[in-house]
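Trainee: when you get a sec, could you give me coordinates for this:
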Amino acid sequence: MTRKQLAAGLALALGAATFVLAATATVKEFPRGVFVVACVTLALAAGWYGIRRRGVARTVAVAASVLLLAVAVVLLIGRDPLLTVSIVAACGLTLTAARSAFRIHVDLPEAPRPSRPVLFYNPRSGGGKAAAFDLPEQARNRGIEPIELTPGTDLEVLVRDAVANGADGLAMAGGDGSQAVVAAIAAEHGLPYACVPAGTRNHFALDLGVDRDDVVGALDAFVDGGERVVDLADVNGRVFVNNVSLGLYAEAVQRHGYRDAKLRTIMDTVPDALGPGGSGLDLQWSGQGGHEHRSGAAILVSNNRYRLGRAVGSGTRPRIDDGLLGITVVGAPRGRGENGGRMQRPWREWTAPSFDVRSDTPIAAGIDGEAVTLEAPLHFHIRPAALRVRIAHDHPGASPSALEPEGLWDSVRILGRLAAGHDPRPLPSGGGRAVRVELG
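Mentor: Have a look, this model is predicted:
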């Protein structure tokens, strides 16, 4: 039995034990036990949310979980100390075992090492991560030529010059906008590409399966890395690796002071766009059924579908090789439904290989977080299997949400399949070669 199988089996057994103990407390200490069960249930949910995140979100969620468990202890400790300790212990062990079971690692196919790989790095990106980790020297130690992106330098020109001079592998250490430039040229020339997470949020790295906490280790993608093939997307010919936002967020990004006060700037944009006397957002688009609509708030078009509005894995893409755009429209679209009635749905998602947005005026957009203004109409298109990505073998090799459940019952189903030794979900392709989840 592998470690993953054992962890999944333990998570199921401990989860069942937690449920039984909580039910016992409910009956034995009614009505006090009802509050204990509620606290334990909420503690499990907050704890699971927290261990899957970093930074402030993790701190707040874990603190809430501990507080809720403390409340459960206070409610029961004087009545039945053994039962109280058992519930708290089973709860904590269930979370630990589930986290271990859902931890993902994909065994990507081996790939030959480039003979002349080049690393482009932005020394200002991510608060100066390139300097903090001494990336230029680390790259040289691995036989990778570092090229600095200095102020006023055109990254595309640098990359194309390097390719013309014989570079046969391209890596980028910087934000996602810079990653898109290098990835597009790598795809154009059929060269392997490596994403080094030296930006601020590194969303593309996360969904590729690059460990965002191992900046230096990402360079090993060109030393002994595996390879997978992923999609790219473009809007009016401009490649993006994550998403393009239109509407409120894009309008806010355009405003002075956005980077210093993001939430306030976004909230200030709402009345201007949607309030009484606001100009509105004149974006016309065709829905999944081909019917014409107008957007009242925002449109997000992504390179593959994001998991949105979920307690686990929200804001990430389970796959990045499905060959489809993810399209999300937020607001109150107006138009004729399939049955001739008026449609008023605030949130809708679907996937498609292409998508068009029309407007009578230029459209403010955020492309991988960069503020731009685009001439209408906008044509979005997916480029299936466009990019050969190298990923260090020590890194996950797949998005954190590739294996994560959609809900409680999905969690139980996936844990059951993992405990039985089965791969519960399809995982990233390796350019037509089979890959597997490491269950050990």
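Trainee: centre-most residue in the protein?
Mentor: Nearest residue to the geometric centre of the chain (CA atoms, centre = their mean): residue 316, 2.3 Å.
Trainee: how near is that residue to residue 173?
Mentor: Residue 316 is 21 Å from residue 173, where distance means CB to CB, to the nearest Å. Just so you know, the C-beta spots here come from the backbone N, C-alpha and C atoms, and that holds for glycine as well.
Trainee: for residue 113, same thing?
Mentor: Residue 113 sits at a distance of 19 Å from residue 173 (criterion: CB to CB).
Trainee: neighbour count winner among these two?
Mentor: Here residue 113 and residue 173 are compared on neighbour count by other CB atoms under 10 Å; more neighbours surround residue 173, at 31 against 17.
Trainee: wouldn't that one be in contact with residue 124 here?
Mentor: No - counting by CB atoms under 8 Å, residue 173 sits too far from residue 124 to count as a contact (11.3 Å).
Trainee: what residues sit buried inside the longest helix belonging to the chain?
Mentor: Ranked by residue count under DSSP state H, the longest helix found in the chain is helix 3-28. If you call a residue buried by 16 or more other CB atoms under 10 Å, then helix 3-28 has these buried ones: 4-5, 7-12, 14-15, 17-18, 21-22, 24-26.
Trainee: next: stretch 146-166.
Mentor: Within stretch 146-166, judged by 16+ other CB under 10 Å, the buried ones are 146-147, 149, 155, 158-159, 162-163.
Trainee: helices along the stretch 301-440 of the chain, start to end?
Mentor: Chain-ordered helices for the stretch 301-440 of the chain, with DSSP state H, counting those that start in this stretch as the definition, fall at 408-419.
Trainee: before we move on, the earlier item: as TSV, the buried residues of stretch 146-166 with pLDDT, secondary structure and distance to residue 399 would be great.
Mentor: Listed next are these as TSV, based on pLDDT from 0 to 100; DSSP: H, G, I helix; E, B strand; the rest coil; distance: CB to CB, whole Å:
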residue	pLDDT	secondary structure	distance to residue 399
146	98	strand	28
147	98	strand	29
149	95	coil	27
155	97	helix	26
158	98	helix	29
159	98	helix	26
162	98	helix	29
163	98	helix	29
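Trainee: can I get those residues in TSV including distance to residue 58?
Mentor: Below are the buried residues of stretch 146-166 laid out as TSV (distance: CB to CB, whole Å):
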residue	distance to residue 58
146	33
147	35
149	32
155	33
158	37
159	36
162	39
163	40
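Trainee: closest to residue 419 out of these?
Mentor: Compare each of the buried residues of stretch 146-166 with residue 419 using CB to CB and the shortest gap goes to residue 146, at 45.9 Å.
Trainee: excluding residues flanking it in the chain, which one is nearest that closest one?
Mentor: Excluding the flanking residues, the one nearest residue 146 by CB to CB, 6 or more residues apart in numbering is residue 136, at 4.0 Å.
Trainee: just give me the neighbour total for that neighbour.
Mentor: Using other CB under 10 Å, residue 136 has 19 other residues around it.
Trainee: got the residue ranges for the helices in the stretch 151-300 of the chain?
Mentor: Across the stretch 151-300 of the chain, reading from the start of the chain, the helices by DSSP H, counting those that start in this stretch fall at 155-164, 176-189, 203-208, 221-224, 248-254, 262-274.
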